[in-house]
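Peer 1: here is the input, now give the coordinates:
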Amino acid sequence: MKAIVVEQPGGPGVMRLLEGDDPGPRPGQISVRVAAAGVNYIDIYHRSGAYKLPLPFTPGLEGGGRVAAVGEGVTEFEPGDEVAWTNVPGSYADMVVGAEADFVPVPAKVALETAAAVMLQGLTAHYLCTSVYEVQEGDTVIVHAAAGGVGLLLTQMVKYKGGKVIGTVSTDAKAELARQNGCDYVLRYEGFGEKARELTDGEGVAAVYDGVGETTFDEGLTALRRRGTMALFGQASGPVPAFDPQRLNTGGSLILTRPKLNDFIATREEYLWRTGEIFQWIEDDNLLVRVGDTFRLEEAAEAHEDLQSRKTTGKVLLIP
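Peer 2: Below is the predicted model of the structure:
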């Protein structure tokens, strides 16, 4: 098998393509030939050492592929089945091995590349608008980085649930993509809080879905309505500095949460519910999954550079 390996944390150049033996599945596991692996910001945090992992390691947590072999005791899958996954370490490879429960079946009408593109970001968007703050018909919310991977999916889900979206972007091209994707209003980051209040007749928004972090957090609080929710699910611009919780009180009994995906797919039932609903939306043409860029496995460093510099729109995939 071939895999990207990080032996020391650092910049994109620390990732090397190496060859090794296929470990095969152990009891309760399956091995999968990877058709596409997703590239996500958490991979950058792992590679850089911001989120520390034991060394050496292979980055990547999500993808789609076909089952190559099953271990003893596996009952849900058999060789040839099409599956997708999130939170299976070592996905920047042409083969991955994981526990049976880590994988979900992919319907015949959903392409493996599409399934790979929607797992981490799609599940994130799903739990944000269904469980962190459940969007109600008529709600107005802010979606930061509305032309990014999560932003494009989250916007569509909010619209499907009857909400309105104020999307923030950094360039004209991204603004146009956000509009085409269904954003009701598209703003640049500068002064977005005040403008969001103007767009809601002074009331403020029901929720701010913030994967940017440091540069948007403080102003995002000012955009919230009374008892509004700040869902801080990422930190692309850096971690949020310490602040006085009294700020939430004076802002109108605001709610602040720092969720992570694993807590929202903690059971097999919830994992299958969320992915099943997402795949059904794709089949019914209610969710368009945009793959922005694809790279060969050996081009993982370039993929990280483009994602980190915000050159990408939509999903970035590695194709072994």
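
Peer 1: helix, strand or coil for residue 225?
Peer 2: What DSSP: H, G, I helix; E, B strand; the rest coil gives for residue 225 is strand.

Peer 1: out of everything not next to it in sequence, what's closest to it?
Peer 2: In space, and not counting its chain neighbours, residue 225 is closest to residue 204: 3.4 Å by C-beta to C-beta, 6 or more residues apart in numbering. All C-beta atoms are positioned from the backbone trio N, CA, C, and that covers glycine.

Peer 1: where does this structure have low pLDDT?
Peer 2: Low-confidence segments of the chain (pLDDT under 70): 313.

Peer 1: for residue 217, which non-adjacent residue is closest in space?
Peer 2: In space, and not counting its chain neighbours, residue 217 is closest to residue 240: 4.6 Å by C-beta to C-beta, 6+ apart.

Peer 1: one more: residue 211?
Peer 2: Using C-beta to C-beta, 6+ apart and skipping the chain neighbours, the partner closest in space to residue 211 is residue 234 (3.3 Å).

Peer 1: where does the residue nearest to residue 217 land in three-state SS?
Peer 2: Of the three states, residue 240 takes coil according to three-state DSSP.

Peer 1: how many neighbours does it have?
Peer 2: 20 (other C-beta atoms under 10 Å).

Peer 1: how near is it to residue 129?
Peer 2: Noted for residue 240: a distance of 21 Å to residue 129, by C-beta to C-beta, to the nearest Å.

Peer 1: now the strands for the stretch 1-150 of the chain?
Peer 2: Under the criterion DSSP state E, counting those that start in this stretch, the stretch 1-150 of the chain carries strands at the ranges 2-6, 15-19, 29-39, 63-70, 82-85, 95-99, 103-105, 140-143.

Peer 1: quick one: list the elements packing against the fifth one.
Peer 2: Contact here means 3 or more C-beta pairs under 8 Å, 6 or more residues apart in numbering; DSSP states H and E; on that basis strand 82-85 packs against strand 29-39, strand 63-70, strand 103-105, helix 112-127.

Peer 1: do that again at 10 Å, thanks
Peer 2: Applying 3 or more C-beta pairs under 10 Å, 6 or more residues apart in numbering; DSSP states H and E, one finds that strand 82-85 contacts strand 29-39, strand 63-70, strand 95-99, strand 103-105, helix 112-127, helix 268-283.

Peer 1: and that strand, which strands flank it?
Peer 2: Taking DSSP bridges as the criterion, strand 82-85 forms sheet pairs with strand 63-70 (antiparallel), strand 103-105 (antiparallel).

Peer 1: what of the second one?
Peer 2: When pairing is defined by DSSP bridges, strand 15-19 lines up against strand 2-6 (antiparallel).

Peer 1: now the longest one
Peer 2: For strand 29-39, sheet partners with direction are given as strand 63-70 (antiparallel), strand 95-99 (antiparallel), strand 315-319 (antiparallel), following DSSP bridges.

Peer 1: tell me which of those strands sits nearest to residue 117.
Peer 2: Closest to residue 117 of the strands paired with strand 29-39 is strand 315-319 (C-beta to C-beta; 3.9 Å).

Peer 1: if we can go back for a sec, what's the closest of the helices and strands packed on strand 82-85 to residue 3?
Peer 2: Of all those, it is strand 95-99 that lies closest to residue 3, at 8.0 Å by C-beta to C-beta.

Peer 1: residues in contact with the closest one?
Peer 2: 1-3, 20, 22-26, 28-34, 37, 58, 60-63, 65, 68-69, 71, 74, 83, 85, 87-91, 102-103, 320 (C-beta atoms under 10 Å, 6 or more residues apart in numbering).

Peer 1: list only buried entries from those.
Peer 2: The neighbour count (16 or more other C-beta atoms under 10 Å) marks 1-3, 25, 29-34, 37, 58, 60-63, 65, 68-69, 71, 74, 83, 85, 87-91, 102-103, 320 as buried among these.

Peer 1: one step back: list phi and psi for the residue nearest to residue 217.
Peer 2: With angles defined as degrees, to the nearest 10, residue 240 sits at phi -70, psi 130.
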